[in-house]
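[1] just to be clear, the model below is a prediction. Sequence and coordinates:
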Amino acid sequence: MYNSKNRNGQAHLYRYNLLSGLWFLMILRRADGFNLSIATSHVIPAYAIASKAGLLIDSSPCHQELKLFKEAVDAHVLWSLRMLDSSGQPKSGFIHGNNYWLGHERQCDIIMNSESLALSPKVLKNNSIYRKSGEELVPFKLKFFVAYFVHNSTLQYNIVQPGEDLITLGLCLPAKCTTGELSQILTSMFQERTLLFGHINNADFRLQEVKAITRDLSDFFNFRMIIMGLLMLVTALIIIAATTYDLCVHQKNLRTADLCADIMTNGKPLNVDSRSFEELSPARASKNVIKVLMCFSAYTNSKDIFSISIKKDSIEALHGIRSLGMTWIILLHMALFGFTYMDNKVTAYQLAQSLPLQIMSNGSVSVDIFFFMSGFLLAYTFFENARKRSQDSMNGTLSWRIFFHRIIRRYIRLTPPYVIVIGIADMIFSWYDKNSQFYIHDRPFETCPTYWWRNILYINNLFKRSETCLFWSYYLSNDMQFFIIGSFILFLSQRYYYVGMGIFLTLFIGTTITSGVIAYTNEYAPTLDEQLNTLDKFYDPPWMRMGPYLVGLATAYILVVTLRRRLHVKRTTLWLLWGLGISCSVLSLFGLWKRKITLVPTSFYMALHRTAFGIGIAWLVVACCTNHGGIINRILSLKIWQPFSKLSYCAYLLNPIFIGIFHLSGESPYHAEIMSLGYLTSGVVVISYLGAYFLSVMFEIPFSLLANIYFEGKTKEKNQPLRNTLSKNRIT
């Protein structure tokens, strides 16, 4: 991070400033009438603020209470020491990235609580011997403040990340102080270089913001939050009504229909499907209302999620691939989104450089699993349906009508939960911005009210990340754009095969060349800091991510049309194919280890690695579909993966929010360790899927079924049960 010459210079500077600070304390110590108050004001920020109370006007309540606080500290009164103990102080690890001088907000609240601990009388009596219990309660109300200020120390390792020079200071101070008054005092402190920490670390400070943590519920009551709350309330009431009807009426009708199915009519069984309640309903006009209402039944929708039936022509291994891929993404998000709140950022970088942890530092290819599967399932479903349909039923007019219907269906399925998550993120992060000690660098409560329309049009990946609402939603925009392009190619190829093939090859070659050229012209170096700082150029745009999707389209064509799901090869050839597939994945994932690569090889890597990783996944899918997967196929095809697979879309939407809640609700920074990361990721996986269940039951499945009702009778799928169509449309 620094060359040796600079590092030696910084070391000399550090020793000089450290000796200067120690010499300063020695002078104070040797001086006649040594004043501990002066020394303390140079070390403890909260006491330094109290010492500067004279900057405020005498009539200010803040001035009076800060003065009382300082006098109590000088007299070692217990309540004032508890205030001091609840406030933040400089911590170790500054040079390696620890800028968190967090206090203890809850401890600050407890100071005003007169209740004693629930301990035995003997212990309480012993405690009172060593402290004056009458001095525990503070004589005025307290409030917890947080000050953010920027340092310019060159001793701290510079890793070029947002907010890396921002210091966070927690302060337990009188509630009558305003943020303006504290800002005035802190600004004066920084100008006079009051804190010894600045002298030791060769740092000046510039105040950015002071905020008071109030935990006022009125923060929730703005127009956007009210609209979101009403929408969720109305949906919940509809779900309650639908579920009640389902359990009390519809299920009884189904049981009656099952009995009727056993009765022979004219020597033939009576055919009854899952919608038989319609025939049992007395009024035809009410059938559509009941049908719409049943889309919101939590009981039936839950049965759909947890159904583990195996359908004909389905590829069960995809459920395992999708579930494990989502776990990988959550692990990556846990490390990536938690990086901002780490107190050992340099250590985290060093850990990420190790070979095993390339699965995280180069883990962006995990998303390419989903791009591949999305393209594969789109083409697989298309070619399977085309194989089953007669040629006469596939006229051009009908094909293009189905093309637009499928796009609209997909939009309706994906957008409702997406919009809800945007609202939830706006509400939650807005709350934590006012009530967390941590500064939020990615601010959806500021970007979403302005740029939400880009999200619902699925074009937000074409703009800068600083103007992005939910920065992890770039995937949804890419996937929707790829779905439209892929569907267009497939439908066009039905009548103009070579035109469709030409467009496919042009896109495939174009995305490969474009990725390499952009890397070369930007002189891209694949270091961790460069990866995080160039997401707008190399991670979000569709022309950088389309390779695996196109590989998915091609794989489905080869599997269904060319191989007809059969692959007869010699054992030697089979081992060669396995070796090729594994090599593509391993080289893509671990090819950047050490990251000391010149520009030309880096450009080739950027051009090919995502496509190569997609080829590795493609062989895995082909092997599992053609009975060459062995134990890998058996593991990936376990029925337990199916519910997790169905919830993966909503889990993807929600997991960054839960990760943010975990970090922002704490009173200590995150310390990067391998074991703790594994434990925390496991918890986030559980809570993400739990939240995904409710999001899917409330907003994903109901609106997808409503879309199926609308299009019922407009396409060739009109005779299929609604929930079978839902399962077909689960392409995530």
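    Received the coordinates, thanks. Numbering: from 1, shown residues only.
[2] burial count for the spatially closest residue to Ile424 that is not a sequence neighbour?
    Of all residues not flanking Ile424 in the chain, Ile657 sits nearest, at 6.4 Å (C-beta to C-beta, 6 or more residues apart in numbering). For every residue, glycine as well, the C-beta is placed using N, CA and C. When neighbours are defined as other C-beta atoms under 10 Å, Ile657 has 20 of them.
[3] for Glu209, same thing?
    12.
[4] likewise the one 5 residues further on?
    Using other C-beta under 10 Å, Thr214 has 13 other residues around it.
[5] look up phi and psi at it.
    Per-residue torsions, Thr214: phi -110, psi -20 (degrees, to the nearest 10).
[6] tell me where the stretch 201-350 of the chain has strands.
    205-213, 264-265, 268-269 (DSSP state E, counting those that start in this stretch).
[7] kindly export the longest one (C-alpha atoms) in PDB.
    Backbone C-alpha positions of strand 205-213 (Å, rounded to 0.1, in the frame of the first residue of the first chain) are rendered in PDB as follows:
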ATOM      1  CA  PHE A 205      -9.800  16.800  12.000                       C
ATOM      2  CA  ARG A 206     -12.700  18.500  10.100                       C
ATOM      3  CA  LEU A 207     -16.200  18.100  11.500                       C
ATOM      4  CA  GLN A 208     -18.800  16.700   9.100                       C
ATOM      5  CA  GLU A 209     -21.900  16.300  11.200                       C
ATOM      6  CA  VAL A 210     -23.300  15.900  14.700                       C
ATOM      7  CA  LYS A 211     -26.600  14.100  15.200                       C
ATOM      8  CA  ALA A 212     -28.700  13.200  18.200                       C
ATOM      9  CA  ILE A 213     -30.100   9.700  18.600                       C
END
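[8] and it, what does it pack onto?
    In terms of contacts (3 or more C-beta pairs under 8 Å, 6 or more residues apart in numbering; DSSP states H and E), strand 205-213 is packed against strand 142-151, helix 179-191, helix 396-435.
[9] to Tyr605, which of these lies closest?
    Nearest to Tyr605 among the helices and strands packed on strand 205-213 is helix 396-435; the distance by C-beta to C-beta comes to 32.0 Å.
[10] buried residues, that closest one. List them.
    The neighbour-count check on helix 396-435 (16 or more other C-beta atoms under 10 Å) flags 399, 402-403, 405-406, 409-433, 435 as buried.
[11] on that earlier part again, what's the following helix or strand after the host helix or strand of the residue nearest to Ile424?
    According to DSSP states H and E, Ile657 maps onto helix 648-664. Following helix 648-664 in sequence order, the next helix or strand is helix 674-695 (DSSP H and E).
[12] next, the angle from that following helix to helix 648-664.
    130 degrees (axes from the mean of the first three to the mean of the last three C-alpha atoms, to 10 degrees).
[13] packing partners for the next helix or strand after helix 674-695?
    For helix 674-695, the following helix or strand on the C-terminal side (DSSP H and E) is helix 701-711. Helices and strands touching helix 701-711, by 3+ C-beta pairs under 8 Å, 6+ apart, are helix 284-294, helix 298-306, helix 396-435, helix 722-728.
[14] so which of the ones you listed is nearest Asp204?
    Of all those, helix 396-435 comes closest under C-beta to C-beta, at 26.7 Å.
[15] care to break the chain down by domain?
    Domain assignment for the chain by automatic domain parsing gives 4-213, 223-294, 303-728.
[16] in a markdown table: those, plus mean pLDDT.
    Listed next are the domains of the chain as a markdown table, based on pLDDT from 0 to 100:
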| stretch | mean pLDDT |
| --- | --- |
| domain 4-213 | 81 |
| domain 223-294 | 72 |
| domain 303-728 | 89 |
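[17] just those: most buried one?
    The highest mean neighbour count among those, using mean count of other C-beta atoms under 10 Å, belongs to domain 303-728: a mean of 18.
[18] report the distance from that domain to the chain centre.
    Distance of domain 303-728 from the chain centroid (C-alpha atoms, centre = their mean, to the nearest Å) equals 14 Å.
[19] if we can go back for a sec, dump the helices and strands packed on strand 205-213 to JSON lines, plus distance to Asp540.
    Listed next are those as JSON lines, based on distance: least, C-beta to C-beta, whole Å:
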{"stretch": "strand 142-151", "distance to Asp540": "28"}
{"stretch": "helix 179-191", "distance to Asp540": "36"}
{"stretch": "helix 396-435", "distance to Asp540": "17"}
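[20] quick one: closest of the ones you listed to Glu530.
    Using C-beta to C-beta, those put strand 142-151 closest to Glu530, at 23.2 Å.
[21] which helices and strands sit right next to that closest one?
    helix 105-110, strand 166-174, helix 179-191, strand 205-213.
[22] which of those sits closest to His628?
    His628 lies closest to strand 166-174 among those, at 53.7 Å (C-beta to C-beta).
[23] that closest one to helix 179-191, inter-axis angle?
    130 degrees.
[24] partners of strand 166-174 in the sheet?
    strand 100-101 (parallel), strand 142-151 (antiparallel) (DSSP bridges).
[25] let me have the helices and strands packed on strand 142-151 in JSON lines, extended by distance to Arg634.
    Formatted as JSON lines, the helices and strands packed on strand 142-151 follow (distance: least, C-beta to C-beta, whole Å):
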{"stretch": "helix 105-110", "distance to Arg634": "50"}
{"stretch": "strand 166-174", "distance to Arg634": "50"}
{"stretch": "helix 179-191", "distance to Arg634": "61"}
{"stretch": "strand 205-213", "distance to Arg634": "53"}
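[26] out of the ones you listed, nearest to Asn633?
    That would be strand 166-174 among these, by C-beta to C-beta, at 49.6 Å.
[27] pull that closest one out as CSV, backbone CA atoms only.
    Only the C-alpha atoms of strand 166-174 are listed here, as CSV (Å, rounded to 0.1, in the frame of the first residue of the first chain):
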residue,chain,number,x,y,z
LEU,A,166,-14.4,9.2,8.6
ILE,A,167,-14.1,8.9,12.4
THR,A,168,-17.3,8.1,14.4
LEU,A,169,-17.5,9.4,17.9
GLY,A,170,-20.2,8.5,20.4
LEU,A,171,-21.0,11.0,23.2
CYS,A,172,-23.2,10.7,26.3
LEU,A,173,-24.0,14.3,27.1
PRO,A,174,-26.8,16.5,28.6
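[28] got the angle between that strand and strand 205-213?
    Using the same axes, to 10 degrees: strand 166-174 against strand 205-213 is 50 degrees.
[29] from the chain's centre, how far out does strand 166-174 sit?
    With C-alpha atoms, centre = their mean as the basis, the mean position of strand 166-174 lies at 28 Å from the chain mean.
[30] what's the residue nearest the centre of the chain in contact with, if anything?
    For the chain, Pro656 is the residue whose C-alpha lies nearest the centre (C-alpha atoms, centre = their mean; 2.0 Å). The contact partners of Pro656, by C-beta atoms under 8 Å, 6 or more residues apart in numbering, come to 333, 337, 470, 472.
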